[in-house]
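**Student:** Following is a predicted model, sequence given first.
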2 protein chains.
Amino acid sequence: MTSNDNPTAGVIIIGNEILSGKTQDTNLQFIGNRLAELGVHLQRAVVIPDIEATIVSTVNDYRARYDYVFTTGGIGPTHDDITSACVAKAFNVALLEDPEAVRRLQRNYKRGELSEARLKMAQVPTGAILIDNPISQAPGFRMDNVFVLAGIPAVARAMFDHVALQIEGGPPIVAASVDGYLAESAIASQLSDIDERFPNVDIGCYPFFRNRRFGANVVARGTDTKAVNQVIDEVFAVMVELGGEPERRD
Amino acid sequence: MTSNDNPTAGVIIIGNEILSGKTQDTNLQFIGNRLAELGVHLQRAVVIPDIEATIVSTVNDYRARYDYVFTTGGIGPTHDDITSACVAKAFNVALLEDPEAVRRLQRNYKRGELSEARLKMAQVPTGAILIDNPISQAPGFRMDNVFVLAGIPAVARAMFDHVALQIEGGPPIVAASVDGYLAESAIASQLSDIDERFPNVDIGCYPFFRNRRFGANVVARGTDTKAVNQVIDEVFAVMVELGGEPERRD
């Protein structure tokens, strides 16, 4: 669990290609990791299709519920890239061609190559603040607490790194972890007991199969580093007692 | 786009480990692919933490909105596995120890090894129908239109295959695809035109970088195979004209 000092976040992954199974999303894992480092508690993520009404209502729902909202996908030049227009609609403002975004695109394209389709990537909602894209120039943008990032993982990451400084996090959410070669069920009752005694630490237990052996990976997370480490020390001791040959993983 | 004959689905991915970035989800891509083959239109997926109130409300929201709901995760033996209890609560029925589930677990464990923690995996909501788990025996279950699957990908897949026969799909959603070595923006206006002329085909355009060259992958999806192929034929012709050296990918 995080403390009440940790701001919250929601992620909106936009794209038919994720729901159809064509594309494996990897942005959520990256954003989840980075938000934890920043001390922001990611509470929910949703994958939605390229449908205007769905995007507009989801953006409005999430921006009211979470301190920070991150969207990925749908800011390219083609007909299925409708995120910018939808965010403008959600905020009830006009979409406009941003002069600075046009300049950045001009740097990337030769004279005469900046077609109407490419100029679409310079359109942002009125009042938006651009987010740098060091890879292909076409910027993302921020509207209030909503950060609109590209879908391409390398670009999404570069954009996130650019905005990380704008995010006021809480105490960092730290994790510690231990692996043991025993069944999850063998340590379930002890884990349950530890979990009750450490209400401010989130304890997860995940089975694995490695080197032809079954095991359990126990992860403790929270903002209280001392308590997180105490939990893992206790789980380590339980695993030793049960012959699980534990190894710390942090 | 799918026809009105296609039933709808929603996916609920349950687990703190996905939101924290510890674990990369791969179940959504698999389920998305299989639902398309079955002619079921996956409309939304959500990732939520192991919090009772959140799981209960999300299950109730999704089962009212979609023809089929699939959950993954949270049905193991430890304290953080609360999905079964939450689904019982969502349906307002008691959680009970299913005798057939106990028999299946007995087959997997030696006499005396079937601890209280392991027996937890035999608890399902009253009225649930078991879903086979050929890998580790502990079953999933179905309650009305909600299919509760394991989080471990190999087990989730085996369980999905078991229930696939219970899903009444519509016309299969087929996809065809073409790659060309040209910028997305170079074909944007032509794609937009094709998109308008084929309202029953969903057309997506995705940039790629391969063999040191940039390109665009255009995907057409729908239940009308002839229209899907016509779209890709037209895109192919546009790419030839622009020197994009297109290759079909289906």
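**Tutor:** In hand now; what should we look at? Residues are numbered from 1 along each chain as shown, chains lettered A, B, ... in the order given.
**Student:** quick one: low-confidence parts of chain A?
**Tutor:** Chain A contains residues with pLDDT under 70 at A:1-4, A:250.
**Student:** where exactly do the helices run in chain A?
**Tutor:** For chain A, the helices defined by DSSP state H cover A:16-19, A:27-38, A:52-65, A:83-90, A:99-108, A:116-119, A:153-163, A:184-197, A:225-241.
**Student:** so what does the fourth one touch, helix or strand wise?
**Tutor:** Counting contacts by 3 or more CB pairs under 8 Å, 6 or more residues apart in numbering or on different chains; DSSP states H and E, helix A:83-90 is packed against helix A:52-65, strand A:95-97, strand A:123-125, strand A:146-149. Yep, even glycine has a C-beta here, placed from its N, CA and C like the rest.
**Student:** So which residue is dead centre in chain A?
**Tutor:** Note on chain A: the residue nearest the mean C-alpha position is A:Ile31, at 2.7 Å, using CA atoms, centre = their mean.
**Student:** separation between it and A:Gly169?
**Tutor:** Distance, A:Ile31 to A:Gly169, using CB to CB, to the nearest Å: 13 Å.
**Student:** now swap in A:Asn27 and tell me
**Tutor:** Counting by CB to CB, the gap from A:Asn27 to A:Gly169 is 19 Å.
**Student:** of those two, who's got more company?
**Tutor:** A:Asn27 (23 against 20; other CB atoms under 10 Å in any protein chain shown).
**Student:** Roughly how far does that one sit from A:Ala138?
**Tutor:** Computed as CB to CB, the A:Asn27 to A:Ala138 distance reads 17 Å.
**Student:** among the helices of chain A, which is the most enclosed?
**Tutor:** Each of those was scored by mean neighbour count; the highest is helix A:16-19, a mean of 25, by mean count of other CB atoms under 10 Å in any protein chain shown.
**Student:** With just CA atoms, put that helix into PDB.
**Tutor:** Taking Å, rounded to 0.1, in the frame of the first residue of the first chain, the C-alpha atoms of helix A:16-19 are listed here in PDB:
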ATOM      1  CA  ASN A  16      -7.600  -1.200 -31.800                       C
ATOM      2  CA  GLU A  17      -4.400  -3.000 -32.500                       C
ATOM      3  CA  ILE A  18      -4.000  -3.800 -28.800                       C
ATOM      4  CA  LEU A  19      -7.500  -5.100 -28.300                       C
END
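**Student:** show me the contacts for the closest residue to A:Asp67 other than its chain neighbours.
**Tutor:** Taking CB to CB, 6 or more residues apart in numbering or on different chains, and ignoring the residues beside it in sequence, A:Asp67 has A:Pro7 as its nearest neighbour in space, at 3.9 Å. Residues in contact with A:Pro7, defined by CB atoms under 8 Å, 6 or more residues apart in numbering or on different chains, are A:39-41, A:67-68, A:167-170.
**Student:** and if you look at A:Ile31?
**Tutor:** A:Ile31 is in contact with A:11, A:42, A:70, A:72, A:156, A:160, B:21, counting by CB under 8 Å, 6+ apart.
**Student:** ditto for A:Gly10
**Tutor:** A:Gly10 touches A:42-46, A:62, A:65-66, A:68-70, counting by CB under 8 Å, 6+ apart.
**Student:** any idea how far A:Gly21 is from it?
**Tutor:** 23 Å.
**Student:** cool, A:Val178 as well?
**Tutor:** A:Val178 sits 34 Å away from A:Gly21, going by CB to CB.
**Student:** Of these two, which one has the most company?
**Tutor:** More crowded of A:Val178 and A:Gly21, by other CB under 10 Å: A:Val178, with 23 against 19.
**Student:** can you list the domain ranges for chain A.
**Tutor:** A:8-166, A:174-248 (automatic domain parsing).
**Student:** Let me know which of these is the nearest to B:Val146.
**Tutor:** For those, the distance to B:Val146 is smallest for domain A:8-166, at 18.2 Å, taking CB to CB.
**Student:** Quote the end-to-end distance of the closest one.
**Tutor:** Domain A:8-166 has an end-to-end distance of 14 Å (criterion: CA to CA, to the nearest Å).
**Student:** Quickly list what the residue nearest to A:Leu28 when sequence neighbours are not counted is bridged to.
**Tutor:** Leaving aside its chain neighbours, A:Leu28 sits nearest to A:Ala45 (5.3 Å; criterion: CB to CB, 6+ apart). Note on A:Ala45: beta-bridge partners by DSSP bridges are A:Val11, B:Val47.
**Student:** Let me know how buried A:Ala45 is, in neighbour terms.
**Tutor:** 26.
**Student:** Also the one 3 residues further on?
**Tutor:** One way to gauge burial is a neighbour count; for A:Ile48, by other CB under 10 Å, it gives 24.
**Student:** cool, A:Ile82 as well?
**Tutor:** 18.
**Student:** right, and it touches A:Ala53 too?
**Tutor:** No: counting by CB atoms under 8 Å, A:Ile82 sits too far from A:Ala53 to count as a contact (10.9 Å).
**Student:** Quick check: beta-bridge partners of A:Val174?
**Tutor:** Beta bridges link A:Val174 to A:Gly222, judged by DSSP bridges.
**Student:** if I look at it, how far off is B:Val228?
**Tutor:** On the measure of CB to CB, A:Val174 and B:Val228 end up 49 Å apart.
**Student:** Now do the same contact list for A:Ala45.
**Tutor:** Contacts were defined as CB under 8 Å, 6+ apart; by that measure A:Ala45 touches A:10-13, A:28, A:32, B:18-19, B:46-47.
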